[in-house]
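# sequence unavailable; structure follows:
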């Protein structure tokens with residue numbers, strides 16, 4: 001009997017793991033005894049960069065980082081315990097970071113983290129290849145006490161897989177969930193129970209590409225905010241330039257159509273919806289939105305396509321200036337990518353960060 005998956009949305013990576021990928025690949029090729037460390041749950045501590053990785057080798061060498069180094073001593077001791085357990089492929093370590101240590105490290109407040117330590121040789125090389133290529137990848141890891149605990153399977157952005165959880169049923173279910181996640185704008189972490197075996201499914205997403213169709217003051221404000229977030233903004237001014245940029249995008253990316261002229265806006269939106277771009281938004285009054293949707297239907301858009309169009313784009317924050325409007329748009333993009341209902345935090349009961 002399989003339990004329903006529970007999902008913790010994660011934010012897009014802003015380079016947290018990609019620079020570590022060549023090291024992970026090299027250490028694996030050299031057959032170094034090492035552990036891949038990452039957080040799989042956080043309580044308090046404030047905002048942290050999801051998708052961070054820390055590599056710890058048995059000889060003491062480290063690469064990458066986790067929780068701004070606030071728990072390095074604890075994690076080093078946990079890695080040493082794992083190495084002393086022959087055949088153990090992983091360990092789950094609860095980590096407490098006191099308030100003073102957290103603030104000194106640059107975290108918002110003290111708290112706790114659940115950390116997964118996994119032997120490097122149980123992580124398929126394809127994860128490092130995907131991270132090096134700045135591509136979306138999903139890693140499913142078996143977390144039981146059997147000799148196969150810690151074994152992993154990678155699902156690439158194109159849906160192909162590598163590795164195994166050493167059980168056909170687990171592989172099938174993990175692959176299904178992985179293929180769903182690589183099609184999701186912001187991915188997520190999912191905990192599964194398949195025939196009583198716990199499986200953790202994690203997504204690594206590159207920073208999204210953001211195409212803004214229309215070169216105006218709002219575009220510049222959006223581009224500035226995207227730069228701050230580590231996203232990759234592009235501003236286009238005409239139909240051909242816009243279509244060329246959009247044709248490079250995928251489910252992890254964003255298109256905002258600021259241009260109102262139908263000769264530019266309609267082809268751009270049609271292309272973005274056809275390519276299943278993760279977030280597709282458009283400016284304009286409600287009257288403009290009705291006319292635009294009619295034009296898109298004429299161009300071949302289906303009701304399912306139009307359900308994915310965020311128009312008017314942005315949250316209702318009372319924005320007036322270009323920068324304020326950019327904030328409202330980016331806020332909605334973040335919420336959509338994370339699978340969250342964008343409401344004031346005081347009216348919600350789930351986790352505040354992530």
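Received it, and whenever you're ready, just let me know what you need. For clarity, every value in this text was computed on a predicted model and none was experimentally measured.

# how far out from the middle of the chain is the host helix or strand of residue 36?
Assigned by DSSP states H and E, residue 36 belongs to strand 34-44. The chain centroid and the centroid of strand 34-44 are separated by 15 Å under Cα atoms, centre = their mean, to the nearest Å.

# following it, which helix or strand comes up?
strand 54-57.

# for the record, mean pLDDT for that following strand?
When pLDDT is averaged over strand 54-57, the result is 96.

# which helices and strands does it pack with?
helix 21-29, strand 34-44, strand 62-64, helix 72-83 (3 or more Cβ pairs under 8 Å, 6 or more residues apart in numbering; DSSP states H and E). The C-beta positions use only the backbone N, C-alpha and C, and glycine is treated the same way.

# what lines up beside the strand holding residue 36 in the sheet?
Applying DSSP bridges, strand 34-44 is found paired with strand 54-57 (antiparallel), strand 111-119 (antiparallel).

# what angle do helix 72-83 and it make with each other?
For strand 34-44 against helix 72-83, the angle by axes from the mean of the first three to the mean of the last three Cα atoms, to 10 degrees is 130 degrees.

# list the contacts for residue 310?
With contact taken as Cβ atoms under 8 Å, 6 or more residues apart in numbering, residue 310 is in contact with 279, 280, 281, 282, 332, 336.

# now, those that are in strands?
Counted as lying in strands by DSSP state E, out of the contacts of residue 310, are 279, 280, 281, 282.

# all the helices of this structure, residue numbers only.
Here the chain has its helices, by DSSP state H, at 21-29, 72-83, 99-105, 125-132, 168-182, 217-229, 239-246, 262-274, 286-298, 303-307, 322-338.

# make JSON lines from these and add mean pLDDT to it.
Below are the helices of the chain laid out as JSON lines (pLDDT from 0 to 100):
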{"stretch": "helix 21-29", "mean pLDDT": "95"}
{"stretch": "helix 72-83", "mean pLDDT": "94"}
{"stretch": "helix 99-105", "mean pLDDT": "91"}
{"stretch": "helix 125-132", "mean pLDDT": "93"}
{"stretch": "helix 168-182", "mean pLDDT": "94"}
{"stretch": "helix 217-229", "mean pLDDT": "95"}
{"stretch": "helix 239-246", "mean pLDDT": "97"}
{"stretch": "helix 262-274", "mean pLDDT": "97"}
{"stretch": "helix 286-298", "mean pLDDT": "93"}
{"stretch": "helix 303-307", "mean pLDDT": "95"}
{"stretch": "helix 322-338", "mean pLDDT": "93"}
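
# what is the nearest of the contacts of residue 310 to residue 79?
residue 336 (37.1 Å; Cβ to Cβ).
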